[in-house]
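Trainee: Fold the following.
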Amino acid sequence: MVDLDATVFIQFLVFLAIFFMLRALLFKPLIEVLKARERATEGDVKEARARQVQAEEKMKKYERELEKIREKASVEREKIRESGRSREREILDKARQEANATIAEGRGEIQRQGDGVRRQMAQEIQTLSQAIVATILGRKAA
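Mentor: Below is the predicted model:
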């Protein structure tokens, strides 16, 4: 059996003394350090979450701005295309007019040359026919 004598009481007092000393010198400072670390970690986590929210908001704003810029670019691109098509039509119309004028001028020149050739041929025919008649009849035709 276990004897309860004065040494048990002394051991209990030593235990309590060591417990309170360790509590004051080790446990409380350790617990405070752990709590401070936890508070700092929580603060860092909250700050990180806040920064994440800010980053997401900035990203959304950036995407909205980028979409606006794309829309403006699309409108500008369409204006430039339409301007190009308009300019193309102007150039083609001018080229057609010039081509038609050149063709009309060429037809006029052909007509003039044809008329000149016809007049010349009519004179030559007249001269040839008189020469043929003179040859056949043996005299000059009137």
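Trainee: all contacts plus neighbour counts: C-alpha atoms, from now on.
Mentor: Fine.
Trainee: Just the element for the spatially most central residue of the chain, please.
Mentor: What sits nearest the mean C-alpha location of the chain, by CA atoms, centre = their mean, is residue 70, with 6.7 Å. Secondary structure assignment for residue 70, by DSSP states H and E: helix 28-137.
Trainee: list the helices and strands that helix packs on?
Mentor: Of the remaining helices and strands, none touches helix 28-137 by 3 or more CA pairs under 8 Å, 6 or more residues apart in numbering; DSSP states H and E.
Trainee: what mean pLDDT does that helix have?
Mentor: Taken as a whole, helix 28-137 has an average pLDDT of 91.
Trainee: roughly how far out does that helix sit from the chain middle?
Mentor: Centre-to-centre, helix 28-137 and its host chain are 16 Å apart (CA atoms, centre = their mean, to the nearest Å).
Trainee: how near is residue 83 to residue 17?
Mentor: Distance of residue 83 to residue 17, given as CA to CA, to the nearest Å: 96 Å.
Trainee: swap in residue 56?
Mentor: Distance, residue 56 to residue 17, using CA to CA: 56 Å.
Trainee: Next: residue 132.
Mentor: Taken as CA to CA, the span from residue 132 to residue 17 is 162 Å.
Trainee: Between those two, tell me which one has more neighbours.
Mentor: Remark: of residue 132 and residue 17, residue 132 carries more neighbours, 15 against 12, as counted by other CA atoms under 10 Å.
Trainee: how far away is that one from residue 21?
Mentor: On the measure of CA to CA, residue 132 and residue 21 end up 157 Å apart.
Trainee: Burial check on residue 30, number of neighbours?
Mentor: Residue 30, neighbours per other CA under 10 Å, totals 13.
Trainee: Tell me who's in contact with it.
Mentor: Residues near residue 30 by CA atoms under 8 Å, 6 or more residues apart in numbering: none.
Trainee: Relative to residue 17, how far out is it?
Mentor: In terms of CA to CA, residue 30 sits 19 Å off from residue 17.
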